[in-house]
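Trainee: my questions concern the predicted model and sequence given below.
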Amino acid sequence: MLKVRSKQVNIADVNHFRALCQLEQCKSMANSQALAVAAASIVGLTDSPQGRNPFFAAAALIRIQQRRKIVETNLGLAASQCEGLDRDFPSIPMYRESLASTLLARGQLRLDTNRVEAEKDFVRSRTLLEQLAKKNDALPALWEDLGRSCGGLGLLTRFAGNEPEANKRFKEAADAFDRAVEQSPDNARLRRWRKELADLAR
């Protein structure tokens, strides 16, 4: 579609779909490396096995450095694509949602290797999601991602030894997950994550 463009195809939507495919491919690549064990967390980048804490899920941690570099590069490309779409079409919220989700995923990936950049991704993702949630507060997916962004910031502050700030971030994450569960009460994954989040808050 990019090489042979039809007049009936919206090129912005094609680029957006391509960015989403890159994001999902990165999640799949991360999930295929289900062997690593580390203190870092990807906070629900992919679903964790039943009974495993999603905030410390080994299932999506990448041990092989080459694979990690590919995933991080592709997430960067997807983020750039979504950022451009959001800039050119600010009235279309799905582009901003995709940008926030991509930044969240990259922040999760960087948690155990580049915490400075991970914090930047989490902060930006949280800011975008807060803006989106204010305008579309009935969408549980927005609150879920907001909870994961706050949870990522909580982990970073805990790694830095700042327990009061970490607990503040975990409380923000819990509040966001509460909104998501309220709007989607039959979602067992959300309920499980909310319950396990309580284990992180001390």
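Mentor: Right, received. Where do you want to start? Note that the coordinates shown come from a computational prediction; the quantities given were computed from them, not determined experimentally.
Trainee: helices along the protein, start to end?
Mentor: 11-32, 65-88, 93-110, 115-135, 140-159, 163-183, 188-200 (DSSP state H).
Trainee: angle of the fifth one against helix 188-200?
Mentor: Regarding helix 140-159 and helix 188-200, their directions subtend 20 degrees when assessed with axes from the mean of the first three to the mean of the last three C-alpha atoms, to 10 degrees.
Trainee: picking that back up, in a markdown table, list the helices of the chain along with mean pLDDT and mean neighbour count.
Mentor: Just so you know, the C-beta spots here come from the backbone N, C-alpha and C atoms, and that holds for glycine as well. As requested, the helices of the chain are exported to a markdown table (pLDDT from 0 to 100; neighbours: other C-beta atoms under 10 Å):
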| stretch | mean pLDDT | mean neighbour count |
| --- | --- | --- |
| helix 11-32 | 66 | 17 |
| helix 65-88 | 85 | 17 |
| helix 93-110 | 90 | 25 |
| helix 115-135 | 95 | 18 |
| helix 140-159 | 93 | 25 |
| helix 163-183 | 92 | 18 |
| helix 188-200 | 82 | 17 |
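Trainee: can I assume residue 152 is in contact with residue 108?
Mentor: Yes. Applying C-beta atoms under 8 Å, one finds residue 152 in contact with residue 108, separated by 6.2 Å.
Trainee: measure residue 120 to residue 162 for me?
Mentor: Distance, residue 120 to residue 162, by C-beta to C-beta, to the nearest Å: 17 Å.
Trainee: repeat for residue 84
Mentor: Taken as C-beta to C-beta, the span from residue 84 to residue 162 is 35 Å.
Trainee: go on, residue 114?
Mentor: 19 Å.
Trainee: again with residue 139
Mentor: Residue 139 sits 31 Å away from residue 162, going by C-beta to C-beta.
Trainee: neighbour count winner among those two?
Mentor: residue 139 (18 against 14; other C-beta atoms under 10 Å).
Trainee: which residues touch the more buried one?
Mentor: 133, 183 (C-beta atoms under 8 Å, 6 or more residues apart in numbering).
Trainee: identify the residues contacting residue 156.
Mentor: 111, 115, 118, 119, 122.
Trainee: pipe the residues you listed into TSV and attach distance to residue 77 per row.
Mentor: Shown next, in TSV, are the contacts of residue 156 (distance: C-beta to C-beta, whole Å):
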residue	distance to residue 77
111	20
115	22
118	18
119	21
122	20
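Trainee: and which of those residues is nearest to residue 102?
Mentor: Among these, residue 122 lies closest to residue 102 (C-beta to C-beta), at 12.4 Å.
Trainee: could you find the closest non-adjacent residue to residue 174?
Mentor: residue 197 (5.5 Å; C-beta to C-beta, 6 or more residues apart in numbering).
Trainee: thought that neighbour was touching residue 175?
Mentor: No. Look at residue 197 against residue 175 with C-beta under 8 Å: they stay out of range, at 10.4 Å.
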